[in-house]
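Novice: Okay, sequence plus prediction incoming.
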Amino acid sequence: IVNEETFRKIFGHFFPCGDTKQYAHLIFSTFDLRSSGIITFEDFLIGLSTLCRGTIEDRLKWIFKLYDNKKTGRLTKDFIMFKLYTFIFFDLIIY
């Protein structure tokens, strides 16, 4: 069982450069299936299984849930374009 603060610390060890708090929060919230403030081993395995072995639709649902942090059921075109540009930028700069 891991709470959000512990998850942030662990996440920060994998990404030591920059402030990872916001992204760690999004990932934590997506793994926290019951919105209980903790991730159980079962929650973690379900998330990993979805990402590694789920169908394309299951993976897209997981990613959608990750970015729909306001729980509106919608992602705007501007938001998606911003994320795409961010990924491209970091891919060019870091690698």
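Specialist: Here it is on my side, so go on.

Novice: Please enumerate the strands of this protein.
Specialist: If you assign secondary structure with DSSP state E, the strands in the chain sit at 2-3, 38-39.

Novice: Show me the one of those strands that comes nearest Ile80.
Specialist: Proximity of the strands of the chain to Ile80 was assessed by Cβ to Cβ; the nearest stretch is strand 38-39, lying at 26.5 Å. (C-beta placed from N, C-alpha, C; glycine too.)

Novice: circling back to that earlier point, of the strands of the chain, which stretch is the most buried?
Specialist: Neighbour counts (mean count of other Cβ atoms under 10 Å) averaged over each of the strands of the chain peak at strand 38-39, with a mean of 20.

Novice: Can you tell me what sits against it?
Specialist: With contact meaning Cβ atoms under 8 Å, 6 or more residues apart in numbering, strand 38-39 is reached by 1-3, 7, 28, 31-32.

Novice: Which among the residues you listed count as buried?
Specialist: When burial is judged by neighbour count using 16 or more other Cβ atoms under 10 Å, the buried members of those are 2, 7, 28, 31-32.

Novice: of the residues you listed, closest to Thr50?
Specialist: Taking Cβ to Cβ as the measure, Thr50 lies nearest Phe31 of these, at 9.9 Å.

Novice: Now do the closest one against Phe11, distance only.
Specialist: When distances are taken as Cβ to Cβ, to the nearest Å, Phe31 and Phe11 turn out to be 11 Å apart.

Novice: With Lys71 instead?
Specialist: When Cβ to Cβ is applied, the distance between Lys71 and Phe11 equals 22 Å.

Novice: between those two, who's got more neighbours?
Specialist: Set Lys71 next to Phe11 and count neighbours by other Cβ atoms under 10 Å: Phe11 wins out with 17 against 9.

Novice: what's the neighbour count on the nearest residue to the more buried one once chain neighbours are set aside?
Specialist: Beyond its immediate neighbours in the sequence, the residue positioned closest to Phe11 (Cβ to Cβ, 6 or more residues apart in numbering) is Ala24, lying 4.1 Å away. Burial of Ala24, expressed as a neighbour count using other Cβ under 10 Å, amounts to 20.
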